[in-house]
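Novice: What follows is a predicted protein model with its sequence.
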Amino acid sequence: MSQSRQNESKQPAPLTRYGHQIYEVNPSLSDAFPVRIRATKASKLGGAYMVAPGTGEVIGRGAFAFVEEKEVDSEEFVKIYLAGIRQYGELSKAGALLFEFVYKEISGRSSKDKDTVSLNYLLAQRWKVDLSRRTYERGMNELLEKGFLYRSLAADMYFVNVRFMFNGDRMALVHSYRRKGASYQPELPLAAPMPALPAPCA
């Protein structure tokens, strides 16, 4: 048997819970995460559009843009990215219902800049009293299968796929994760115990 095959056979099988893999760290925070494209300044001529506040109609081009300001409730704001919107379109009724529950749980200041969320049936039932356990389990399984969530080592704690949705600055989280990963020291194999030193002379 080749050395590579021996190494493969020694690797333990991934941990699973109810058929879904358990992760120690959020798998959506990988080195393959897309890099944000740096924005460039608009040119002085024709770099911006003037938009009518009421209708959104473009009324001219110029160096300035007039935008209607709207107050956003920070308690109910989560960024949903294009990849997440595509996957959301493929969810069943149960999956979409549980997505709404997850969205609610990751909204608000207490969940800002966090890539984990605590979820269980009792919390979901408090949110929607007539929610059946079967609907909850079907919806959660679908969110796991579609990659919205990942199981963590803790039973009720899930990793949020930050490629799909996030509450806060996603790139700051990714950079923090990479810095943490770069300084991580893997556990070294235990060496043979050192022989006892002789007692010092009196």
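Specialist: Received the coordinates, thanks.

Novice: check contacts around the residue nearest to Tyr88 when sequence neighbours are not counted.
Specialist: Using C-beta to C-beta, 6 or more residues apart in numbering and skipping the chain neighbours, the partner closest in space to Tyr88 is Phe99 (6.4 Å). No exception for glycine: its C-beta is placed from N, CA and C like everyone else's. Contact partners of Phe99, counting by C-beta atoms under 8 Å, 6 or more residues apart in numbering, are 88, 91, 139, 143, 148.

Novice: Regarding the first one, what are the backbone dihedral angles?
Specialist: Tyr88 adopts backbone torsions of phi -60, psi -40, taken as degrees, to the nearest 10.

Novice: Show the backbone phi and psi for the residue nearest to Tyr88.
Specialist: According to degrees, to the nearest 10, Phe99 has phi -60, psi -40.

Novice: What residues sit buried inside stretch 132-143?
Specialist: By 16 or more other C-beta atoms under 10 Å, the buried positions in stretch 132-143 come out as 135-136, 138-143.

Novice: got TSV for those residues, with distance to Lys180 and secondary structure too?
Specialist: Below are the buried residues of stretch 132-143 laid out as TSV (distance: C-beta to C-beta, whole Å; DSSP: H, G, I helix; E, B strand; the rest coil):
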residue	distance to Lys180	secondary structure
Thr135	37	helix
Tyr136	33	helix
Arg138	35	helix
Gly139	32	helix
Met140	28	helix
Asn141	30	helix
Glu142	31	helix
Leu143	26	helix
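
Novice: Can you lay out the residues you listed as a markdown table showing distance to Leu153 and pLDDT?
Specialist: Putting these into a markdown table (distance: C-beta to C-beta, whole Å; pLDDT from 0 to 100) gives the following:
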| residue | distance to Leu153 | pLDDT |
| --- | --- | --- |
| Thr135 | 26 | 97 |
| Tyr136 | 21 | 98 |
| Arg138 | 24 | 97 |
| Gly139 | 22 | 97 |
| Met140 | 17 | 97 |
| Asn141 | 19 | 96 |
| Glu142 | 22 | 97 |
| Leu143 | 18 | 97 |
